[in-house]
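Enquirer: I'll drop the sequence and a predicted model, then ask my questions.
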Amino acid sequence: MTIIDAPVRELTVDDLPKCLDLARDREWPAEAAKWLLLFDLGEVFGIDDPAGGLAATAIVTHQGEELAAISMVLVAARFNRRGLGRRVMTRALAAAGADRTTFLYATELGRPLYETLGFRAAGGVETHTGTCPNGSGGARTAPAADVPGIRALDAEVIGVERRPLLDRLLGDLANVCVVADGDRVTGYAVGTPGETYTMIGPVVADDPAAARSLIRGVASRAPGSVRVDLRAGEAELSGWLAADGLPGRSGATLMVHGDRVLPGDRTRLYAPIGPALG
């Protein structure tokens with residue numbers, strides 16, 4: 001069997017070592033915890049290299065009945081320009097379903113392929129990484145009593161209830177900060193520790209000042225460097241992050257399939273969970 005004949009199959013967690021090897025092949029971080037979360041919440045597809053390992057992957061994660069995210073679209077460098085990316089993407093789109101609004105965050109390398117598959121640009125993110133100085137900035141650690149308010153706010157801003165995903169993010173409330181108006185949660189941010197940094201996202205807030213407090217609150221609790229994928233166009237907040245120890249660089253393009261529009265009130269989503277989950 002050649003790579004052209006190799007089918008797209010659904011992967012299992014037993015394929016995790018091969019997924020990590022493929023990530024390293026593309027000089028992506030080999031983040032086992034992130035892959036395990038995606039295996040748990042999504043459908044992972046891949047093409048086997050007949051010589052061993054994986055030639056390509058793509059993951060679709062359902063977020064309620066209305067929304068789906070595609071991520072981890074990787075093709076081994078040795079198989080560039082062989083059509084494997086299109087094949088795994090086509091399978092992921094089919095799994096997402098025509099009734100869902102499907103989105104992804106595209107690198108510059110991947111964007112031309114996604115455009116030919118019917119995706120269009122709908123925004124983007126700017127990546128900031130570094131170490132913030134200590135100081136909570138006004139945000140407080142979320143107690144268990146805030147969880148229902150966080151869920152309600154997230155559903156309002158994202159436009160769908162994504163409780164399985166959110167419950168995983170809120171598993172350790174020591175990494176969650178909130179701002180509130182009395183008993184009502186008006187903003188929240190989550191820090192997810194990883195192998196190389198703590199990912200801060202989502203960051204949901206009414207305004208840049210609240211977003212700043214939330215980011216500083218989570219960052220001050222992180223053991224080392226942090227990363228924030230800030231919504232593109234937030235010049236004031238971007239400048240503050242750079243001055244506070246998190247310089248920015250070009251990130252990724254948010255793309256939506258077809259003529260759909262992402263639901264919810266995205267003006268209050270200052271940073272997504274990350275490019276894999278939105």
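Expert: Looks like it arrived, so ask away. Just so we're clear, the structure is a prediction, and the values are computed from it rather than from any experiment. Numbers count the residues shown, from 1 in each chain.
Enquirer: which residues touch residue 150?
Expert: Residue 150 is in contact with 142, 166, 170, 176, 178, 185, 188, counting by Cβ atoms under 8 Å, 6 or more residues apart in numbering. Heads up, the C-betas are built off the backbone N, CA and C, glycines and all.
Enquirer: so what strands line up beside whatever helix or strand residue 203 lives in?
Expert: Applying DSSP states H and E as the criterion places residue 203 in strand 198-204. Using DSSP bridges, strand 198-204 pairs in its sheet with strand 184-193 (antiparallel), strand 226-231 (parallel), strand 269-271 (antiparallel).
Enquirer: what about the next helix or strand after it, average pLDDT?
Expert: Counting by DSSP H and E, the element after strand 198-204 in chain order, helix or strand, is helix 208-221. Averaging pLDDT along helix 208-221 yields 92.
Enquirer: same check, this time on stretch 89-96
Expert: The average pLDDT within stretch 89-96 is 97.
Enquirer: residue ranges with poor pLDDT in the chain?
Expert: Within the chain, the stretches with pLDDT under 70 are 1, 133-138.
Enquirer: for it, what spans make up the strands?
Expert: In the chain, the strands defined using DSSP state E lie at 8-10, 42-48, 54-63, 67-75, 101-106, 119-130, 140-141, 176-181, 184-193, 198-204, 226-231, 248-257, 269-271.
Enquirer: which strands or helices does the fifth one pack on?
Expert: The one in question is strand 101-106. strand 67-75, strand 119-130, strand 248-257 (3 or more Cβ pairs under 8 Å, 6 or more residues apart in numbering; DSSP states H and E).
Enquirer: for the first one, same thing?
Expert: Strand 8-10 makes packing contacts with strand 42-48, helix 84-96 when contacts are defined by 3+ Cβ pairs under 8 Å, 6+ apart.
Enquirer: the shortest one vs helix 84-96, what angle?
Expert: So the one you mean is strand 42-48. Using axes from the mean of the first three to the mean of the last three Cα atoms, to 10 degrees, the direction of strand 42-48 lies 150 degrees away from that of helix 84-96.
Enquirer: mean neighbour count and distance to residue 249 added to the helices and strands packed on strand 8-10, as CSV?
Expert: CSV is the format used below for the helices and strands packed on strand 8-10 (neighbours: other Cβ atoms under 10 Å; distance: least, Cβ to Cβ, whole Å):
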stretch, mean neighbour count, distance to residue 249
strand 42-48, 23, 27
helix 84-96, 21, 24
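Enquirer: which one of these lies nearest to residue 4?
Expert: Counting by Cβ to Cβ, residue 4 lies closest to helix 84-96 out of those; the figure is 9.3 Å.
Enquirer: what's in contact with the strand holding residue 203?
Expert: By Cβ under 8 Å, 6+ apart, strand 198-204 touches 153-154, 157, 175, 187-192, 211, 214-215, 218-219, 222-229, 268-274.
Enquirer: just the angle between that strand and strand 119-130, please?
Expert: Interaxial angle, strand 198-204 versus strand 119-130 (the same axes, to 10 degrees): 130 degrees.
Enquirer: so how far is strand 198-204 from its chain's centroid?
Expert: Strand 198-204 has its average C-alpha position 9 Å from the chain's average C-alpha position, going by Cα atoms, centre = their mean, to the nearest Å.
Enquirer: likewise for stretch 43-51?
Expert: Mean C-alpha position of stretch 43-51 versus that of the full chain (Cα atoms, centre = their mean) differs by 22 Å.
Enquirer: residues contacting residue 31?
Expert: Here residue 31 is in contact with 23, 194, 195, 196 (Cβ under 8 Å, 6+ apart).
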